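Asks: What shape does this take:
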Amino acid sequence: MTWTDSQRYCREKHTDLVTIESAEDMSRLKRPGARTTWSWIGLTDDPKSWKGVMGNDVNSWRWSATDTNPPGQRTYTAINNPLTWKDAQTYCRTYHTDLAMTENAQENVEVMSVMSTDIAWIGLYREPWRWSDNSSSSFTNWKSGEPDNYGGENCAAENLDHGWHDLKYLRVKKTMVRMKIQTIANLSDPATNTQILQQLGERFETLRSDVKLRWVTEPEKQEEETDEASG
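Replies: Sure thing, here's the model as predicted:
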């Protein structure tokens, strides 16, 4: 299933997609077989939150500063100190008010006028990943280099080693394989069809391929009846 289909299914049949709050939670996850190489978990990054400007979603863009001076009454100070964004926020809140908030073009000009470097942190930020059930769990187990947002990937999946990757759920790649089976068995017998599908499924499972098999019987073509005229 896609991530959204999985979310809908889990909410209908169970509670929700899984929220993982610890390594113990992660170790309790069990899969039905080797075919489930990847499994969706409840972590997602809603594209609407980072494509929009200032949304109301829990992981949309927002300003670090709250209850500060209104526009037109703010002053800005440049701090030439190489820090991470989080450390810069802590520093500014400790020794000043907060990281800079600019809500109009004039304030942006004022910030630019005091900058002593080409790049400086401002107070705009967002928490990109959230759990489907809106849990506040901060536990993560991203594999090295993940999440990389390759091609707009915005949903998290777990592999057999419990490592997390971000994947894209917006489309599902489907491949149709046509097979020709030569047998003396009656292929119109449902029991025979089931046995063949089971044998093929076991073969694909050894390859650790996530496939779904179904038996499709094409309708027989009927010969058109024609009226012959004698003459």
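Asks: Flag the shaky bits of the protein, pLDDT-wise.
Replies: Where the chain drops to pLDDT under 70, the residues are 31-36, 51-53, 55-56, 58, 169-175, 205-211, 218-231.
Asks: for it, longest strand please?
Replies: The single longest strand within the chain, with elements called by DSSP state E, is strand 39-44.
Asks: And for the next helix-or-strand element following it, what's in contact with it?
Replies: Counting by DSSP states H and E, the next helix or strand C-terminal to strand 39-44 is helix 47-51. With CB atoms under 8 Å, 6 or more residues apart in numbering as the test, helix 47-51 has contacts from 55, 57, 59, 60, 61, 126, 128, 152, 154. Where C-beta positions appear, they are placed from N, C-alpha and C, glycine not excepted.
Asks: Sitting in helices, which of those do you find?
Replies: Among these, no member falls in helices (DSSP state H).
Asks: By neighbour count, which of those residues wins?
Replies: Counting neighbours by other CB atoms under 10 Å, residue 154 leads the contacts of helix 47-51 with 22 neighbours.
Asks: who's in contact with the most centrally placed residue in the chain?
Replies: Among the residues of the chain, the one closest to the centroid is residue 155, at 0.8 Å (CA atoms, centre = their mean). By CB under 8 Å, 6+ apart, the residues touching residue 155 are 3, 40, 43, 44, 45, 166, 167, 168, 169.
Asks: Can I get the residues you listed in CSV including neighbour count and distance to residue 23?
Replies: As requested, these are exported to CSV (neighbours: other CB atoms under 10 Å; distance: CB to CB, whole Å):
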residue, neighbour count, distance to residue 23
3, 22, 23
40, 24, 19
43, 26, 15
44, 23, 21
45, 20, 22
166, 23, 20
167, 17, 22
168, 16, 27
169, 19, 25
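Asks: would you list these in JSON lines and tack on distance to residue 195?
Replies: Conversion of the contacts of residue 155 to JSON lines gives the following (distance: CB to CB, whole Å):
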{"residue": "3", "distance to residue 195": "34"}
{"residue": "40", "distance to residue 195": "31"}
{"residue": "43", "distance to residue 195": "40"}
{"residue": "44", "distance to residue 195": "40"}
{"residue": "45", "distance to residue 195": "44"}
{"residue": "166", "distance to residue 195": "40"}
{"residue": "167", "distance to residue 195": "34"}
{"residue": "168", "distance to residue 195": "37"}
{"residue": "169", "distance to residue 195": "34"}
